[in-house]
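**Q** Here is my input, please return the structure:
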Amino acid sequence: MHMLKLPQPKKIPRLRENMATDLGANIMGEIFVLTIGVGLIYHEVSRQAQKTHKKHASHEHERLELERKISTLNNLVEWQDEELKNVRTILNDFDSN
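**A** Residues are numbered from 1 along each chain as shown. This next block holds a predicted model:
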């Protein structure tokens, strides 16, 4: 209040018992609703994080599997190149005889 340059109250009136009970009940209700809301938001964020983690793990597994297959294919191509060189050498030797 002081920062807003509002006058300070001289006397704060006491709440009647029924007004205090209503105010307390309202505050408790708001806290309950807020707690439920925060819990639901936390649950949803946690669920989305798990879903994203599973998706990333799946993509990582697929990437590793593709890398393994590419490596196998590279090895096969290298083997075939060597075999072609051997066949060419044999053909060149056969032609020269």
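**Q** what about the strands in this structure?
**A** Per DSSP state E, the chain carries no strands over any range.
**Q** where does it dip in pLDDT?
**A** 1-2, 97 (pLDDT under 70).
**Q** Helices of that one, start to end?
**A** 17-96 (DSSP state H).
**Q** Show me which positions of stretch 44-60 end up buried.
**A** For stretch 44-60, a neighbour-count test (16 or more other CB atoms under 10 Å) marks nothing as buried. To be clear about C-beta, it is placed using only N, CA and C from the backbone, and glycine gets the same treatment.
**Q** Only alpha carbons, please: show stretch 17-33 as PDB.
**A** This file holds the C-alpha atoms of stretch 17-33, laid out as PDB (Å, rounded to 0.1, in the frame of the first residue of the first chain):
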ATOM      1  CA  GLU A  17     -17.600 -15.100  12.600                       C
ATOM      2  CA  ASN A  18     -19.700 -16.100   9.600                       C
ATOM      3  CA  MET A  19     -17.700 -13.900   7.200                       C
ATOM      4  CA  ALA A  20     -14.500 -15.300   8.500                       C
ATOM      5  CA  THR A  21     -15.800 -18.900   8.100                       C
ATOM      6  CA  ASP A  22     -17.000 -18.100   4.500                       C
ATOM      7  CA  LEU A  23     -13.600 -16.500   3.700                       C
ATOM      8  CA  GLY A  24     -11.700 -19.500   5.100                       C
ATOM      9  CA  ALA A  25     -13.900 -21.900   3.200                       C
ATOM     10  CA  ASN A  26     -13.400 -20.000   0.000                       C
ATOM     11  CA  ILE A  27      -9.600 -19.900   0.500                       C
ATOM     12  CA  MET A  28      -9.600 -23.700   1.200                       C
ATOM     13  CA  GLY A  29     -11.700 -24.300  -1.900                       C
ATOM     14  CA  GLU A  30      -9.400 -22.300  -4.100                       C
ATOM     15  CA  ILE A  31      -6.400 -24.100  -2.600                       C
ATOM     16  CA  PHE A  32      -8.000 -27.500  -3.300                       C
ATOM     17  CA  VAL A  33      -8.900 -26.500  -6.900                       C
END
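**Q** I am finished for the moment; much appreciated.
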